Structures are given as C-alpha cells and as structure tokens.
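**Q** I need the structure of the sequence given here:
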Amino acid sequence: MSSPYSFQNSDTVIKLAEAAIRKGHEVTGIYLYTDGVYNVVKDIEPSDDRDRNIPSLFKQLIEK
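**A** Next up, the predicted model:
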C-alpha cells in the first residue's frame with residue numbers, strides 16, 4: 001500500500017519474492033493497492049539513490 005521511496009516496504013516485498021523464487025517457489029503475483037500501484041510506474045523518478053529504482057527492480061523481478 002505504500003508508495004515507492006517513502007518506506008522500505010517495496011524493497012522488502014521484492015527481496016521476499018526473489019528469495020521465494022530462489023527456493024524454487026512460483027510467485028504468481030504481487031498485489032499493489034492504493035499508493036502501492038505507483039511502484040511499477042516507470043516514469044516515477046528514482047530517489048537520490050540511483051541504485052534503488054523501484055519500478056526497475058519490479059521489472060527485473062517480473063522477468064525472473
């Protein structure tokens with residue numbers, strides 16, 4: 001439910017899904033709600049930390 005760059009919730013869900021995939025589980029979806037939908041909008045500018053581009057991290061997760 002939280003928007004990108006406001007908390008670490010987005011990072012946590014990405015890392016959780018990646019860990020599940022590494023363990024052989026299938027992640028069929030991540031539910032984004034309210035401001036959470038902005039996590040996958042590619043036009044959202046990353047924070048000062050360019051390595052933490054949340055939309056890009058979600059895209060990489062989807063490709064896995």
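
**Q** burial of N39, as a residue count?
**A** 21 (other Cβ atoms under 10 Å). Yep, even glycine has a C-beta here, placed from its N, CA and C like the rest.

**Q** which SS state does it fall under?
**A** helix (DSSP: H, G, I helix; E, B strand; the rest coil).

**Q** any idea how far T28 is from it?
**A** 18 Å (Cβ to Cβ, to the nearest Å).

**Q** Centre-most residue in the chain?
**A** Closest to where the C-alpha atoms of the chain average out (Cα atoms, centre = their mean) is F58, at 4.0 Å.

**Q** Excluding chain neighbours, what is closest to that one?
**A** V40 (4.9 Å; Cβ to Cβ, 6 or more residues apart in numbering).

**Q** Next, the contact list for the residue nearest to the centre of the chain, please.
**A** F58 makes contacts with S10, I14, I30, N39, V40, as judged by Cβ atoms under 8 Å, 6 or more residues apart in numbering.

**Q** give me the element it is part of.
**A** helix 54-63 (DSSP states H and E).

**Q** This completes my enquiry, with thanks.
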